[in-house]
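Need the 3D shape of this:
(chains A and B)
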Amino acid sequence: MKEIVCIICPNSCRLQVETEPELKVSGAKCKRGVEFAVQEIFDPRRSLTTTVKTIFPDYPVLSVSSSGDISKELIFPVMKEIRGFVLKRAVRIGEVVISNILDTGVDIIATSEVRITKEKENETI
Amino acid sequence: MMIDYDVIVIGGGPAGLAAANAVSKDLRVLLLERENRLGGILKQCIHDGFGLVRFKEKLTGPEYASRFINDLTDEIKVKTLAFVSRLEKREEDYRLIYVDREGLHTPTTKNIILATGCRERTRNQIFIPGNRGSGIYTAGTVQNLINLLGICPCKKPLILGSGDIGLIMARRLKLEGADVVGVYEIKSEPTGLTRNIHQCLLDYQIPLYLSHTVTKIIGRDRVEAVEVSAVDSKMQVIPGTEKIVACDALILAVGLIPENELAEELRLRMDPGTKGPIVDQNMMTSESGVFACGNCLHVNDLVDYVSESAETAGRAVAKEYQSRELLAVNIGSGLAYLLPQVLDLNENLNNLVFYFRSKERLGTCRLILSIDEKDVWEKTYAQILPPEMERIKLNLDKYNLNKNNKIQFRIEVKG
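Numbers count the residues shown, from 1 in each chain, chains lettered A, B, ... in the order given. Have a look, this model is predicted:
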């Protein structure tokens, strides 16, 4: 029997998972918790939030997030791939910055936006 | 003499944004933010988990902030890089002094909403002796450096404090390639959310040392090591347990303090339990027309509740108020704090939202409301812990309260 804490919502339900004689999850207050527990036992995945370098002086880095969860063991390889990337165009929230990273089927999407306004262009520090 | 604004909101983070949006559309609003962009602390909180309660989505900090920034109507006047240096109560209005790039401004307003957030406790405030080399940072500073400026200021950090920001930064630093020595916590229990212990420390094999603290910083020009010591149940250092641990940065996540210099300038009545102003169910403080919301009122765990308290304040702003009849909400055993701390009996007593924290971790227990020593309502919890603030909604109009009643909330352990 494995004890897992669900990380889906602030409730942090303590779940008990049994795999023998059959798969059983108890302690979840909602369906998502059960799904999380099953995923966690067979292929633990995590969302990834980080930043990418940009060419914009006012936004030297831009926050990004994975569009879906990534296998735990791929987190550091994905981070290495992201470190080699430089954003060269202004993006809005939700735009894909790196598509299908390391063939995971997951995109890296912008969670902030780069706002280049006329005011800023004329501004001198 | 015409008053310039019906309300001035001080702070453009999640509290100020939600409050400004909630103010009645026929009132004139000015929103002042001291940084150059709106969003407050959410700008640097690039991790997700925001908005689970409010939007049923797992958003990052900037995404959550952008929803409220995009909701700002053109009628709401917004000034960034605007720093409020003075707040003055006058007979008919309030007068502010703020400074921005255009110079000094002295607008007058009928109402003020304080949404000034909180600040971090520093090394000096927790008295860690030793050298003063570079490499000593608060966790929020490191978060700002990494997530907004793209600078990682260390290679081998040691983190003191297991609050959420400490846990989040432990993971962030590990992802950025740092060798995170460990998270040290003076209490015997972690102070951050349980799910963060799992997704930030356990997931990344970052050790957590409970009942430990940092007792000295070593390294003249740059941090080279710290001395850590075990502490007893009263959080006193146990002599002989000192150990030197090599690191190149000490990151402090040792508490957030509501930022209330302006509240103190107005001499608002404060609650030592929350370190914020005492408010009624509309988030109005002891001064008529002055509201407080968000982290300057009490430090929240969930930004969803910041938005909720801010909207309560914004909606309550009016040009005139009838006089209030205030009844104290007392707290008994088990509660560290509960707010609102007073109820205005002349206002709506239905759908009242209360926020509270317990003093210590408790198993199965009950939150009990008593009126004049008689228990009238209760709610059972499987467990309550201080790091996880609780929220309840109650209708109190059925009790026909008057100013002579004594109302009290308390927590009792079951069985």
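
in stretch B:101-120, what counts as buried?
Across stretch B:101-120, burial judged by 16 or more other CB atoms under 10 Å in any protein chain shown covers B:105, B:107-120. Using the backbone N, CA and C atoms, a C-beta is placed for each residue, glycine as well.

Give me the neighbour count for residue B:39.
23 (other CB atoms under 10 Å in any protein chain shown).

helix/strand/coil for the nearest residue to it once chain neighbours are set aside?
Ranked by CB to CB, 6 or more residues apart in numbering or on different chains and with sequence neighbours excluded, the top spatial neighbour of residue B:39 is residue B:65, at 3.7 Å. Secondary structure for residue B:65, judged by DSSP: H, G, I helix; E, B strand; the rest coil, is helix.

Surely residue B:65 is in contact with residue B:17?
Yes - using CB atoms under 8 Å, residue B:65 is in contact with residue B:17, at 7.0 Å.

For the two, list the residues in contact with both.
Both residue B:65 and residue B:17 are in contact with B:38, B:39, B:40, where contact means CB atoms under 8 Å, 6 or more residues apart in numbering or on different chains.

how about these in CSV, adding pLDDT, distance to residue A:83 and secondary structure?
Output for these, formatted as CSV (pLDDT from 0 to 100; distance: CB to CB, whole Å; DSSP: H, G, I helix; E, B strand; the rest coil):
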residue, pLDDT, distance to residue A:83, secondary structure
B:38, 97, 29, coil
B:39, 97, 25, coil
B:40, 97, 28, helix
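
would you turn the residues you listed into a markdown table with distance to residue B:166?
Converted to a markdown table, the shared contacts of residue B:65 and residue B:17 look like this (distance: CB to CB, whole Å):
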| residue | distance to residue B:166 |
| --- | --- |
| B:38 | 26 |
| B:39 | 22 |
| B:40 | 20 |
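
what's the closest of the residues you listed to chain A?
Within the shared contacts of residue B:65 and residue B:17, the smallest distance to chain A is 9.0 Å, found for residue B:39 (CB to the nearest CB).

returning to what we had before: settle it for me: which of residue B:65 and residue B:17 has more neighbours?
Under the criterion of other CB under 10 Å, the comparison of residue B:65 against residue B:17 puts residue B:17 first, with 35 against 26.

Spatially nearest residue to the more buried one (excluding sequence neighbours)?
Distances taken as CB to CB, 6+ apart put residue B:68 closest to residue B:17, at 3.8 Å, once the chain neighbours are dropped.

okay, now the one you found: neighbour count?
With other CB under 10 Å as criterion, residue B:68 counts 23.

Name the residues linked to residue B:84 by a beta bridge.
residue B:98 (DSSP bridges).

re the thing from before, just the ones in strands from the buried residues of stretch B:101-120, please.
If you go by DSSP state E, these have B:105, B:108, B:109, B:110, B:111, B:112, B:113, B:114, B:118, B:119, B:120 in strands.

Quick one: low-confidence residue ranges for chain A.
Along chain A, the model assigns pLDDT under 70 to residues A:116-125.

90 instead?
A:1-14, A:19-23, A:28-29, A:32, A:41-42, A:114-125 (pLDDT under 90).

Pull up the residues of it that are close to chain B.
A:5-10, A:12, A:46-51, A:53, A:60-61, A:63-65, A:72, A:75-76, A:79, A:93, A:111-113 (CB under 8 Å from any CB of the partner chain).

Quick check: ChimeraX command selecting the buried ones in the residues you listed.
Burial among the residues of chain A next to chain B is assessed by 16+ other CB under 10 Å; the matching ChimeraX selection reads:
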select /A:5,6,7,8,9,10,12,46,47,48,49,50,51,53,61,63,64,65,75,93,111,112,113
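
Please flag which of the residues of chain A next to chain B sit within strands.
Using DSSP E, the residues of chain A next to chain B in strands are A:5, A:46, A:49, A:50, A:51, A:53, A:61, A:63, A:64, A:65.

Quick check: the two most widely separated of these?
A:5 and A:53 (34.0 Å; CB to CB).

residues contacting residue B:293?
With CB under 8 Å, 6+ apart, residue B:293 has these contacts: B:15, B:18, B:19, B:113, B:114, B:115, B:283, B:306, B:309, B:310, B:312, B:313.

My read is that the fourth one contacts residue B:9, right?
Yes - here residue B:113 reaches residue B:9: they are 4.5 Å apart, a contact under CB under 8 Å.

who touches both of those two?
B:16, B:19, B:20, B:314.

Include neighbour count, distance to chain A and pLDDT when you put the residues you listed into a markdown table, please.
Output for the shared contacts of residue B:113 and residue B:9, formatted as a markdown table (neighbours: other CB atoms under 10 Å in any protein chain shown; distance: CB to the nearest CB, whole Å; pLDDT from 0 to 100):
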| residue | neighbour count | distance to chain A | pLDDT |
| --- | --- | --- | --- |
| B:16 | 32 | 19 | 98 |
| B:19 | 35 | 23 | 98 |
| B:20 | 29 | 19 | 98 |
| B:314 | 28 | 24 | 98 |
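
Next step: the residues you listed restricted to helices.
B:16, B:19, B:20, B:314 (DSSP state H).

ok, back up a step: looking at the buried residues of stretch B:101-120, spot the one nearest residue B:373.
The closest of these to residue B:373 turns out to be residue B:114 (CB to CB; 35.4 Å).

and the one residue in the stretch 251-400 of chain B that gets nearest to chain A, what does it touch?
Relative to chain A, the nearest point of the stretch 251-400 of chain B is residue B:302 (6.2 Å; CB to the nearest CB). Neighbour list for residue B:302: A:10, B:52, B:53, B:389 [criterion: CB under 8 Å, 6+ apart].

are any of those residues buried, and which?
Buried among those (16+ other CB under 10 Å): A:10, B:52, B:389.

give me every residue that touches residue 60.
By default, I'm working from chain A. Contacts of residue A:60 by CB under 8 Å, 6+ apart are A:53, A:54, B:148, B:149, B:150.

oops, I was thinking of chain B
Counted by CB under 8 Å, 6+ apart, residue B:60 has contacts A:49, A:63, A:65, A:111, B:45, B:46, B:47, B:48, B:50.

For it, give me phi and psi.
phi -80, psi 170 (degrees, to the nearest 10).

Any idea what it is bridged to?
residue B:48.

do the same with residue B:237
Here residue B:237 sits in beta bridges with residue B:231, as judged by DSSP bridges.

what's the neighbour count on the closest residue to residue B:383 other than its chain neighbours?
Among residues not flanking residue B:383 along the chain, residue B:363 sits closest, at 5.5 Å (CB to CB, 6+ apart). Residue B:363 is flanked by 11 other residues according to other CB under 10 Å.

Check whether residue B:363 really touches residue B:385, as I assumed.
No - Residue B:363 lies out of contact with residue B:385 (CB under 8 Å); the separation is 10.0 Å.

So which residues of the chain form helices?
Chain wasn't specified; assuming chain A. For chain A, the helices defined by DSSP H occupy A:31-42, A:75-83, A:118-122.

I was after chain B.
B:14-22, B:61-71, B:139-147, B:164-175, B:194-196, B:261-265, B:303-316.

rewinding a little: going by distance to residue B:290, which of the contacts of residue B:293 wins?
Ranked by distance to residue B:290 (CB to CB), those are led by residue B:114 at 7.0 Å.

Let me see the contact set for that closest one.
B:10-11, B:260, B:262-263, B:277, B:285, B:290-293, B:296-297.

Just the pLDDT for it.
Residue B:114 carries a pLDDT value of 98.

Over to the one 3 residues further on?
Turning to residue B:117, the model gives it a pLDDT of 97.

Isn't residue B:354 up against residue B:339?
Yes - when contacts are counted by CB under 8 Å, residue B:354 is listed as touching residue B:339 (7.0 Å).
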